[in-house]
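> Pasted the sequence and its predicted model underneath.
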2 protein chains.
Amino acid sequence: MSGNTDIEGLIDLMARLPGLGPRSARRAVLHLIRKRGQLLSPLAQAMLTVSETARECLNCGNVGTTDICDICENNGRANGQLCVVEDVSDLWAMERSGVFRGRYHVLGGTLSALNGVGPDDLRIPQLRDRIDAEAVTEVILALNATIDGQTTAHYIADQLEGRALLTSLAQGVPIGGELDYLDDGTITAALNARKPI
Amino acid sequence: MSGNTDIEGLIDLMARLPGLGPRSARRAVLHLIRKRGQLLSPLAQAMLTVSETARECLNCGNVGTTDICDICENNGRANGQLCVVEDVSDLWAMERSGVFRGRYHVLGGTLSALNGVGPDDLRIPQLRDRIDAEAVTEVILALNATIDGQTTAHYIADQLEGRALLTSLAQGVPIGGELDYLDDGTITAALNARKPI
């Protein structure tokens, strides 16, 4: 308790961020106040800009500050490849690797009977439309290797069969992984997909 | 990488908060963008307000949005008691307990020969002035129970001797503490300060 309503209000809002609780929110706000010139003002300004301009890309579902995101607008991106991901954070993870040069399609979740999420709640109809409109030749299903992710991948593969080449990310030992620490499922997948050296 | 410079800039700034790294900053920014109406806009506005108005209280060193903070301005606070703390976060911790009804004095750190922090780098001269100006009868040295904190407490006690009643926080077993998990120093302090039931 700082005894000041403005500062208390800021702490309460900060505490609602994922990964921050009340204690770390207080610590963050004190840090911000100490560095109000270098950090707090620029951060407030950046948040204001993003809050006014942020929107979902109408084409792929990525977040950006324009109706069509920078990746969709980029003519340097290969037109024929479409990488399907569950969530914007997955798209960002793919982009960090810097390897994929095609375009993306964000589903916005996975199918889940339990949570009442059906195909029309995800961006699956839009995916079907894009395959024709953008002359897509390969759809890479980069969904998470979870039950829900794989169920969704199977459903999409069924829907798109014959309309484009369908591929999925390889499963196996992660780089730097030690066999002793891997689960049985990963070792089984790696062994089944073994390849000649 | 979202591929958008505004969003990337926001992530970079968020990653400079204590307790957030690049990964949690990305997660926080995605969360903010999803809740831009309920969370991002109010947070941006709260930050802007605080960045424009936040300042140190000229009297006690607490942070607030006015030259004299709400605690110093509050006439309901006992004038005769002054609680000396190292840092604003310590003042906030004392206030959360809700037990102390006097006023505070924030030193802004501890004496440290190693880091070149002397008495004039802390708010010790101002403390001396306040004792006379505010007719303080008791100074509670609520410094951390660390080597630096206790060294500073000893120095201040020396300086203020005879000018007010000097007290310090009790040391002993914390509420809910189990003896088996306490360090030797705490057990020794608790045993030495034992009291009749």
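Thanks, I have the structure now. Computed from a predicted structure; not experimentally measured. Residues are numbered from 1 along each chain as shown, chains lettered A, B, ... in the order given.

> in chain A, which ranges drop under the pLDDT threshold?
Across chain A, the ranges flagged by pLDDT under 70 are A:1-2.

> can you pull out the helices in it?
Using DSSP state H, the helices of chain A run over A:5-14, A:22-34, A:41-53, A:70-73, A:88-97, A:124-133, A:147-160, A:184-192.

> With distance to chain B and mean neighbour count as extra columns, can I get the ones you listed in JSON lines?
Where C-beta positions appear, they are placed from N, C-alpha and C, glycine not excepted. Formatted as JSON lines, the helices of chain A follow (distance: least, CB to the nearest CB, whole Å; neighbours: other CB atoms under 10 Å in any protein chain shown):
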{"stretch": "helix A:5-14", "distance to chain B": "4", "mean neighbour count": "20"}
{"stretch": "helix A:22-34", "distance to chain B": "4", "mean neighbour count": "19"}
{"stretch": "helix A:41-53", "distance to chain B": "4", "mean neighbour count": "20"}
{"stretch": "helix A:70-73", "distance to chain B": "4", "mean neighbour count": "18"}
{"stretch": "helix A:88-97", "distance to chain B": "4", "mean neighbour count": "18"}
{"stretch": "helix A:124-133", "distance to chain B": "18", "mean neighbour count": "15"}
{"stretch": "helix A:147-160", "distance to chain B": "18", "mean neighbour count": "17"}
{"stretch": "helix A:184-192", "distance to chain B": "22", "mean neighbour count": "12"}
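
> Tell me which of those helices lies nearest to residue B:151.
Residue B:151 lies closest, by CB to CB, to one member of those: helix A:22-34, at 23.7 Å.

> quick one, domains of chain A?
Chain A breaks down into these domains under automatic domain parsing: A:5-53, A:78-168.

> End to end on the first one, go ahead and measure it.
What it means is domain A:5-53. End-to-end span of domain A:5-53 (CA to CA, to the nearest Å): 29 Å.

> what's the answer for the last one, then?
Across domain A:78-168, the straight-line distance between its terminal residues is 18 Å, by CA to CA.

> Return the distance of that domain from the chain's centre.
Taking CA atoms, centre = their mean, to the nearest Å, one finds domain A:78-168 lying 11 Å from the centre of the chain it belongs to.

> Also the shortest one?
Between the mean C-alpha location of domain A:5-53 and the chain-wide mean there is a distance of 24 Å, by CA atoms, centre = their mean.

> ditto for stretch A:176-187
Here stretch A:176-187 is found 25 Å from its chain centre; the criterion is CA atoms, centre = their mean.

> swap in stretch A:67-83?
Distance of stretch A:67-83 from its chain centroid, counting by CA atoms, centre = their mean, is 16 Å.

> ditto for stretch A:187-197
From the chain centre to the centre of stretch A:187-197 is a distance of 28 Å (CA atoms, centre = their mean).

> Please enumerate residues in contact with it?
With contact meaning CB atoms under 8 Å, 6 or more residues apart in numbering or on different chains, stretch A:187-197 is reached by A:170-173, A:179, A:182.

> likewise stretch A:152-161?
With contact meaning CB under 8 Å, 6+ apart, stretch A:152-161 is reached by A:84, A:86, A:107, A:110-111, A:119, A:122, A:124, A:127-128, A:131, A:139, A:141, A:143, A:166, A:168.

> Could you tell me which residues make contact with the closest residue to residue A:81 other than its chain neighbours?
Leaving aside its sequence neighbours, residue A:81 sits nearest to residue A:102 (CB to CB, 6 or more residues apart in numbering or on different chains; 2.9 Å). By CB under 8 Å, 6+ apart, the contact set of residue A:102 is A:77-83, A:138, A:140.
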